[in-house]
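A.B. asks: Here is a sequence together with a model predicted from it:
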Amino acid sequence: MPVDPPARRFGAPRPKSPVAPTTVAPHISLATAALTWLVGWLGGNVAGGIVLSASGYSGRVAAERPAWVAVASTIALWVPQLIALGVVCKRFATGKPFADFGLRFRPIDLVGIPIGVLSQLVLLRLVYWPLQAIWTDTFSNNQLEENAKDLYDTAHGGWLVALVLVIVVGAPLVEELVYRGLLMGAARRRVNDILALAGVAAFFALIHFRPVEYPGLFAFGLVLGVCVLATDRIGMGIVTHLAFNATALALVAH
């Protein structure tokens, strides 16, 4: 005769959720993470817009702006996002950003270098090969490389070094903190890992606002998310992202 399980005592721990536990973004709910992203993103766009207006180049396309404008406006875009991350981890987590967002590195994270290079040289080509066969002009290599080439062509001397640091070091660090550290970390406690992985990868692609880059960025976003699932940290993802961006710059500089 089957026996009913004993009732859970008041105050006893609840049964484990089917959602995988994660040490990334502890105690930060998905709603809080989304609001943090929104505040940081809006604040960053306002700050970046102010820098563009003050520079006198706000009405010109990216190819006509000097490198210092791109560097300054990008940093202005990041500062509010980093401030928002600091506030939310202090208010809702441990107050230690490195721990709260999984910003830790291990020697194994160097595997991210070949992963990033292969993602740029092999994965993107596999993603765009059928698209280029059907929509030749829309997904041409010139369209895909336009942004990176425009940025690279405007930079010289010290500003070229600054631009490389922004693209190769700054962008991977900030974007992985925000999208994999904050958003994916929070999403993994609300939904299963696969949904968190795909949802954040899709959002990561869409927020770049370049439809021609959506397929490639989504595929690469999945790679970055898998790095988090494999390590429960964003260190490997940052190294992978760094190698991916560095390879892209090397291709347009060739």
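C.D. replies: Yep, it's here. No experiment lies behind these values; they were computed from the predicted model shown.

A.B. asks: May I ask which helix or strand encompasses the nearest residue to residue 50 once chain neighbours are set aside?
C.D. replies: Once flanking residues are discounted, residue 50 sits nearest to residue 76: 7.1 Å by CB to CB, 6 or more residues apart in numbering. Every residue, glycine included, has its C-beta placed from N, CA and C. Per DSSP states H and E, residue 76 falls inside helix 67-92.

A.B. asks: And that helix, what's buried?
C.D. replies: Neighbour counts over helix 67-92 (16 or more other CB atoms under 10 Å) mark 67-78, 80-82, 84-85, 88-89, 92 as buried.

A.B. asks: and what of stretch 154-172?
C.D. replies: Buried, per 16+ other CB under 10 Å, within stretch 154-172: 154, 155, 159, 162, 163, 164, 166, 167, 168, 170, 171, 172.

A.B. asks: what's the answer for stretch 187-207, then?
C.D. replies: For stretch 187-207, using 16+ other CB under 10 Å, the buried residues are 187-189, 193, 196-201, 203-205.

A.B. asks: cool, and stretch 104-111?
C.D. replies: For stretch 104-111, the neighbour count (16+ other CB under 10 Å) marks 104, 105, 109 as buried.

A.B. asks: hmm, back to that, ok, of the buried residues of stretch 187-207, which one's closest to residue 149?
C.D. replies: residue 205 (20.2 Å; CB to CB).

A.B. asks: Distance of the closest one relative to residue 48?
C.D. replies: With distances taken as CB to CB, to the nearest Å, residue 205 is found 20 Å from residue 48.

A.B. asks: Equivalent analysis for residue 61, please.
C.D. replies: Separation of residue 61 from residue 48 (CB to CB) stands at 16 Å.

A.B. asks: out of these two, which sits in the busier spot?
C.D. replies: Neighbour totals were compared for residue 61 and residue 48, and residue 48 leads with 19 against 8 (other CB atoms under 10 Å).

A.B. asks: Just the element for the more buried one, please.
C.D. replies: Using DSSP H and E, residue 48 sits in helix 30-55.

A.B. asks: buried ones in that helix?
C.D. replies: In terms of neighbour count (16+ other CB under 10 Å), helix 30-55 has its buried residues at 30, 32-33, 36-37, 39-41, 43-44, 47-48, 51-52, 55.

A.B. asks: Show me what secondary structure element comes after the helix or strand of the chain with the lowest mean pLDDT.
C.D. replies: Ranked by mean pLDDT, DSSP states H and E, the weakest helix or strand in the chain is helix 141-154, scoring a mean of 75. Next helix or strand after helix 141-154 toward the C-terminus (DSSP H and E): helix 157-165.

A.B. asks: Kindly spell out which helices and strands sit in contact with that next one.
C.D. replies: On a contact count with 3 or more CB pairs under 8 Å, 6 or more residues apart in numbering; DSSP states H and E, helix 157-165 meets helix 67-92, helix 141-154.

A.B. asks: quick one: average pLDDT of that helix?
C.D. replies: For helix 157-165, mean pLDDT is 88.

A.B. asks: Could you shift the numbering so residue one becomes 569, and keep it that way?
C.D. replies: Okay, using 569 as the starting number, the last item reads as helix 725-733.
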